Structure formats: structure tokens, C-alpha cells
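Colleague: Quick one, what's the 3D model for this:
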Amino acid sequence: MKILIIGATGPTGRKTIESALDLGDTVTAFARHTESLNDIKDKINIISGDAILTSDLEKAMIGQDAVISTLGRGGSMQSHNLFTRAAVSIVNSCNHTQVPRLIWLSSFGVGETYKDATATQKIVYKTFLRNIYANKKASERIIHASKLNWTVVYPSTLTNGQAKGKYNIDEHIKMHGLPSISREDVADFLCAAAHDNKWIRRNAVITD
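Modeller: From the prediction side, this is the model:
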């Protein structure tokens, strides 16, 4: 499978590249600054571009079978409308280039998943992450309304630990304690979902 990974230089994006390569996929990595991918440039295609520009995205999407977006704001508490702007551009670009499959990485606590959060999680989501989560929720309305074969993935707190190779996944998971999941396990699911029709046009909550 030919897969385009948007936000490929982020910590989850890099793990997603590795998972896709392990599956034997042909990987195109897309990010604004791609220097950190030089160590694997002989294994992947690398395209520099901006995820809010359809002109950049469409060049990268031509010939792809699926798109995985791992866009994030790093440590920033402000979205600057990144997710809504990117969602519009990615959906339009998929339509223009006839790429039907989109896997979109979100965060647990966004949208309908909020009701399954713990009391502590809800406080964080309503305060520190309020701006980010509001923009993510708006972006997902754009994706859900599209005609693409989308999957929106909601991981609990991401860690940099090693993959366990086993995790819980469902459309709704009631959280307890301090739930988390490694980026490696999330990357494994993102790539597996691209190959599997099971999660088409469904939301997927994932946690240890």
C-alpha cells in the first residue's frame, strides 16, 4: 500500500513511518521541515510542504492509497486553527486526487469521547486544552461530513514508552485512573486501520 503520512516529523508521525515500513508499505513523509528524516531518506519518499495548502498536499497525494494525519501542536496550548484549516485542505485534496482513505489522529476527550473521561481528565480538557480541543472538535465535523472513508482515532495520554503490542480499542471506552498508551502502539493501529475496512467511517478510542 502507498501511504502518505502528514505531520511525519512529529513524535507519533515518526513512529507511524516505522510501523508502515514494517508492514511493507511505500511511505511518503510530508512535513514543513523534513531535515530530521534524513537518516531514513533511503527508505521513504520525503516531501516538504504545508498541511493547510492544497497545492502542497495534492502534489504529495497523487498516486497514494491512503492518508494518515498525525498533525499536532507539540507543547502549545493554542491551536491557531491548525486542525480546521488542515481538515478542509486535506479533505479537498483527497477528493481532488481521488484518495479515498483518511486516518485522522485526534485526542481522547475531544467531541463525544469527553463524556467517558475521568473527572481529572475533564478538568484538564476544559482548562489547559480548551482551545486545542475546541479546534479539533470543529475539524472532525469537517471530516465526518466528508464522503471519504475516514477513521478518527482518539488515543488516551500518549507516552514515549515501548509498545506493548496489545491495547484496548472500541468506539467508546470509559476511562479510569490515569489511562495512557505508547506512541508506538498508536502508530501500529493507525497503519493497521489503513489496511482494514473494519474502522471505515467510525471513531476509534485506543488506550492500554
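Colleague: Spatially, what comes nearest to residue 173 if we skip its sequence neighbours?
Modeller: Closest residue to residue 173 apart from its sequence neighbours, by C-beta to C-beta, 6 or more residues apart in numbering: residue 205 at 4.6 Å. Where C-beta positions appear, they are placed from N, C-alpha and C, glycine not excepted.
Colleague: Look up how far residue 40 lies from the one you found.
Modeller: Separation of residue 205 from residue 40 (C-beta to C-beta, to the nearest Å): 30 Å.
Colleague: follow-up on the earlier one: enumerate every residue touching the residue nearest to residue 173.
Modeller: By C-beta atoms under 8 Å, 6 or more residues apart in numbering, the residues touching residue 205 are 108, 113, 116, 154, 155, 156, 169, 170, 171, 172, 173.
Colleague: surely the first one meets residue 153?
Modeller: No: at 9.5 Å, residue 108 does not count as touching residue 153 under the criterion of C-beta atoms under 8 Å.
Colleague: Model confidence score at the closest residue to residue 53 other than its chain neighbours, please.
Modeller: The shortest distance from residue 53 to any non-neighbouring residue, by C-beta to C-beta, 6+ apart, is to residue 89 (6.5 Å). On pLDDT, residue 89 comes in at 98.
Colleague: Residue 55 versus residue 89, what's the distance?
Modeller: Relative to residue 55, residue 89 is positioned 9 Å away (C-beta to C-beta).
Colleague: before we move on, which element is residue 136 in?
Modeller: helix 130-145 (DSSP states H and E).
Colleague: CA-only coordinates of whichever strand or helix holds the residue nearest to residue 53, as CSV, when you get a sec.
Modeller: Assessed by DSSP H and E, residue 89 sits inside helix 82-97. What follows is helix 82-97, C-alpha atoms only, in CSV (Å, rounded to 0.1, in the frame of the first residue of the first chain):
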residue,chain,number,x,y,z
LEU,A,82,-4.4,24.4,12.6
PHE,A,83,-6.8,21.4,12.7
THR,A,84,-9.8,23.0,11.0
ARG,A,85,-7.6,24.6,8.3
ALA,A,86,-5.8,21.3,7.7
ALA,A,87,-9.0,19.3,7.7
VAL,A,88,-10.5,21.5,4.9
SER,A,89,-7.4,21.2,2.9
ILE,A,90,-6.8,17.5,3.4
VAL,A,91,-10.4,16.6,2.6
ASN,A,92,-10.4,18.8,-0.5
SER,A,93,-7.1,17.4,-1.6
CYS,A,94,-8.2,13.8,-1.1
ASN,A,95,-11.3,14.5,-3.2
HIS,A,96,-9.3,16.2,-6.0
THR,A,97,-6.7,13.4,-6.2
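Colleague: can you list the residues that contact that helix?
Modeller: For helix 82-97, contacts defined as C-beta under 8 Å, 6+ apart pick out 6, 51-54, 57-58, 61-62, 64, 67, 69, 71, 73, 99-100, 102, 104, 135-136, 138-140, 142-143, 146-148.
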